[in-house]
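J.: fold the following, please.
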Amino acid sequence: MEQNRVQAILTLDMEKIPANFQEIIKHEQEVVAKWKEEGILESLFLRQGRNGAVLIFKGVDEEKVIELMMKLPLYPLRKSVEYYGLIKQF
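T.: Predicted coordinates:
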């Protein structure tokens with residue numbers, strides 16, 4: 001049986017970007033690599049406008065995804081985060 005997914009759409013507030021942004025990005029990449037290794041992050045897409053990302057989680061519910069997203073190094077720079085429960089068809 002296929003697991004359902006939760007999509008999180010992170011939009012950054014580009015006016016909050018600090019001078020050490022590249023350092024934050026490096027830490028962010030470490031966090032999402034760990035999630036990928038643990039099997040809870042299926043996909044990560046950077047948005048074309050470079051103002052955020054779309055993350056697809058599997059095997060965790062929306063409550064857990066919200067908790068995980070709050071731990072991201074970029075989370076304090078957010079403008080918004082939207083969550084959508086998804087049912088994978090193929």
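
J.: now do the residue nearest the centre of the chain against Asp13, distance only.
T.: Taking CA atoms, centre = their mean, the centroid of the chain lies closest to Leu55, which sits 4.2 Å from it. To Asp13, Leu55 is 18 Å away according to CB to CB, to the nearest Å. Backbone N, C-alpha and C define where each C-beta goes, glycine included.

J.: Lys36: how many residues sit nearby?
T.: Lys36 has 13 neighbours, counted by other CB atoms under 10 Å.

J.: quick one: contacts for it?
T.: Contacts for Lys36 (CB atoms under 8 Å, 6 or more residues apart in numbering) come out as Leu44.

J.: surely it is within a strand?
T.: No: the assignment for Lys36 is helix, going by DSSP: H, G, I helix; E, B strand; the rest coil, so no strand is present there.

J.: what score does it have for pLDDT?
T.: Lys36 carries a pLDDT value of 98.

J.: what's the distance between it and Lys58?
T.: 11 Å.

J.: same thing with Met70?
T.: Between Met70 and Lys58 the distance, using CB to CB, works out to 19 Å.

J.: so which of the two has more stuff around it?
T.: Applying other CB under 10 Å to Met70 and Lys58 shows that Lys58 carries more neighbours, namely 16 against 11.

J.: can I assume that one is in contact with Glu38?
T.: No: using CB atoms under 8 Å, Lys58 is not in contact with Glu38; the gap is 10.7 Å.

J.: spit out the contact partners of the nearest residue to Ser43 once chain neighbours are set aside.
T.: Excluding the flanking residues, the one nearest Ser43 by CB to CB, 6 or more residues apart in numbering is Ile56, at 4.2 Å. Listed by CB under 8 Å, 6+ apart, the contact partners of Ile56 are Arg5, Val6, Gln7, Leu41, Glu42, Ser43, Leu44, Leu86.

J.: any of these buried? List them.
T.: Buried members of these, scored by 16 or more other CB atoms under 10 Å, are Arg5, Val6, Gln7, Leu41, Glu42.
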